[in-house]
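Engineer: Pasted the sequence and its predicted model underneath.
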Amino acid sequence: MDTPREAAGEARVGIGAGVSVIRQYLAADQIDEMHLAISAVLLGAGEHLLQGINLNKLGFCCGSGKLGEKAMHVFLRKTCVPIEQLQ
C-alpha cells in the first residue's frame, strides 16, 4: 500500500476503488481526505463502507457538503483546512 504514495512524492494520490479496498486503506491509516457522492438509490445487500469504522477516532471531520442535481457530495478530511487551500 505504500507504493502509490512513494511514487507520487509530494503530489496528491487518488483512490478510485470498491468498498473493500477503501476500507483496507482506511484501516491502514492511508487516507487523508474523502469525497463521498451519496445518491438515493436502493441497492439491497452489499458491503457497508463505514460499518465498524470510527471516523472521529481516525481524525476525520466533515469539511463541507454540496447538494448536486443527482447526489449529495460530502468532503471528509483529517485536516480541517478548507479544501480550496489543499488544491
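Structural biologist: The structure has been received and is ready for your questions. Numbers count the residues shown, from 1 in each chain.

Engineer: gap between the longest helix anywhere in the chain and the chain center?
Structural biologist: For the chain, the helix with the greatest residue count under DSSP state H is helix 19-27. Helix 19-27 has its C-alpha centroid displaced from the chain centroid by 10 Å (C-alpha atoms, centre = their mean, to the nearest Å).

Engineer: Can you name the residues in contact with that helix?
Structural biologist: Defining contact as C-beta atoms under 8 Å, 6 or more residues apart in numbering, one finds that helix 19-27 is touched by 1, 15, 31, 46, 47, 48, 49, 53, 58. All C-beta spots, glycine's among them, are computed from the backbone N, C-alpha and C.

Engineer: Drop anything exposed from those residues.
Structural biologist: A residue is treated as buried here by neighbour count (16 or more other C-beta atoms under 10 Å); on that basis the buried members of the contacts of helix 19-27 are residue 31.

Engineer: For residue 72, state which of the contacts of helix 19-27 is nearest.
Structural biologist: Proximity of the contacts of helix 19-27 to residue 72 was ranked by C-beta to C-beta; the top entry is residue 49 with 14.4 Å.

Engineer: The closest one: what secondary structure?
Structural biologist: Following DSSP: H, G, I helix; E, B strand; the rest coil, we place residue 49 in the coil state.
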